[in-house]
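>>> Sequence first, then the predicted structure, then my questions.
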Amino acid sequence: MIAFGVDRIKKWLVAGCAGGLTMGMAWGGVAGQRTVWDRIYTDEQADRGEEVYRATCEGCHAPDLSGGKVVPELIGETFTDDWVGSTVGRLFERIVVSMPEENPASVSQRQKADIVAFILRANGFPPGRHELEPRADVLDRFTFDSR
Ligand code: HEC
């Protein structure tokens, strides 16, 4: 009788865990791809990113992100259309590897995730409650899509 009771409790626990996992996946979207429209950064993060952008990027990419003669813009349709089908992780990685041009290592990966948040906000993608993590594999879950 006692063994039977324990067994019942075990089954119940297993069912409970499986249920929790399924719910977690549905909520976090672990299984599915999300997009830049899904509120994937916070306003505070974009504010921090703006400060770093002003100090290290705007000299070349311009205060309004419109770029220059030989420097590409980081705002507007030309920019976002170019990135459609790609991911936020790739944009992050691009900045990690090659920007600022003279010395990519001078800005930390965390600060670069903040800059990505600032770029997303400047392009009209809405803020939310979770910050972008400074990890390309995590940010690869978020795609640029046209709308
Ligand atoms: C010395 C000038 C200079 C500075 C400073 C600089 N960039 Fe750039 N950036 C460029 C040039 C030139 C290119 C295009 C050639 C290339 O990709 O190397 C570029 C390309 C890029 C691209 C690729 C755009 C696209 O759509 O393909 C991104 C993103 C970018 N820069 C972000 C940044 C960020 C963020 C910073 C600050 C941390 C920064 N850059 C600082 C000159 C600069």
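Noted; the coordinates are in hand.
>>> Hmm, His61 is touching Glu73, no?
Yes. His61 is within contact range of Glu73, at 7.4 Å (criterion: C-beta atoms under 8 Å). For every residue, glycine as well, the C-beta is placed using N, CA and C.
>>> out of these two, which sits in the busier spot?
His61 (21 against 16; other C-beta atoms under 10 Å).
>>> Tell me the spacing between the more buried one and Val88.
When distance is defined by C-beta to C-beta, to the nearest Å, His61 is 18 Å away from Val88.
>>> what are the ranges of the strands in this structure?
34-35, 142-143 (DSSP state E).
>>> Contact distance from the ligand - what residues of the protein qualify?
56-57, 59-61, 70-72, 74, 79, 82, 91, 94-95, 98-102, 107, 115 (C-beta under 6 Å from any ligand atom).
>>> Mind doing that once more with 5 Å?
Contacts of the chain with the ligand, taken as C-beta under 5 Å from any ligand atom, map to 56-57, 60, 71-72, 95, 99-101, 115.
>>> Of those residues, which count as buried by neighbour count?
Buried members of these, scored by 16 or more other C-beta atoms under 10 Å, are 56-57, 95, 99-100, 115.
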